[in-house]
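Participant: sequence plus predicted model, see below.
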Amino acid sequence: MSNNTLKQNTIPQCPQDAAYMLGKRHNVSDLARKLGVSPNVLGNKLNPDQEFHKLTLGEAVAITELADDNGILDAWSHLRGGVFVKLPEAVCCDEELSDQLMRVSEELGSAMAELRRAREDGVIDPMEFERIKARIMTTVTEALALKTVVHGQVRDLPRHTSTVISKA
């Protein structure tokens, strides 16, 4: 496996590779202690080339929570043709809406700049496509977060009741 070619801003091709990279980003001994397994066993389970110890779905969920790292979710979503979007927790002001709009614009600009750079030689190669795809997925993530921020701005309108004056 050539994990040394994985860039920090790219999504691993499969959840197993993402689990391996999660182990590289976090203290495996600490995660193992919290899971109640030995660091060697967890290390083996995070290694996609290991034949005997395999990471279970429950363990993948547990280390995602313990590490507060969505790498496995990102890779699984990507594998399924989607994107994992962590929605904002709460929106309390118009400033957050403005900030989110700027993030969407910034990410879209970055995606377009990546596309322009890739097309400079007239050909988009596979590595350039992966970078473009990652930028577009980030843009989509920010756009979906915008939907949540806008939803937080929705307020119910007071209902007006029409008063009927009866003639006596």
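Facilitator: Noted; the coordinates are in hand.
Participant: what's the pLDDT at the nearest residue to residue 23 once chain neighbours are set aside?
Facilitator: For residue 23, ignoring the flanking residues on the chain, the nearest one in space by CB to CB, 6 or more residues apart in numbering is residue 46 at 3.8 Å. Any C-beta I mention is one placed from the backbone N, CA and C, and that applies to glycine too. At residue 46, the predicted lDDT confidence score is 94.
Participant: what of residue 88?
Facilitator: Listed pLDDT for residue 88 reads 63.
Participant: next: residue 51.
Facilitator: Reading off the per-residue confidence, residue 51 sits at a pLDDT of 85.
Participant: where does it fall, helix, sheet strand or coil?
Facilitator: Reducing the assignment to helix, strand or coil with DSSP: H, G, I helix; E, B strand; the rest coil, the entry for residue 51 is coil.
Participant: what about it, distance to residue 44?
Facilitator: The gap separating residue 51 from residue 44 is 9 Å, by CB to CB, to the nearest Å.
Participant: show me the domain layout of the chain.
Facilitator: Here the chain is described, according to automatic domain parsing, as comprising the domains 7-79, 94-152.
Participant: quick one, what contacts the residue most central in space within the chain?
Facilitator: Centroid-nearest residue in the chain: residue 84, 4.4 Å away (criterion: CA atoms, centre = their mean). With contact set as CB atoms under 8 Å, 6 or more residues apart in numbering, residue 84 has these partners: 70, 73, 74, 76, 77, 141.
Participant: would JSON lines of these with secondary structure and distance to residue 36 be doable?
Facilitator: Formatted as JSON lines, those follow (DSSP: H, G, I helix; E, B strand; the rest coil; distance: CB to CB, whole Å):
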{"residue": "70", "secondary structure": "coil", "distance to residue 36": "23"}
{"residue": "73", "secondary structure": "helix", "distance to residue 36": "23"}
{"residue": "74", "secondary structure": "helix", "distance to residue 36": "26"}
{"residue": "76", "secondary structure": "helix", "distance to residue 36": "24"}
{"residue": "77", "secondary structure": "helix", "distance to residue 36": "28"}
{"residue": "141", "secondary structure": "helix", "distance to residue 36": "34"}
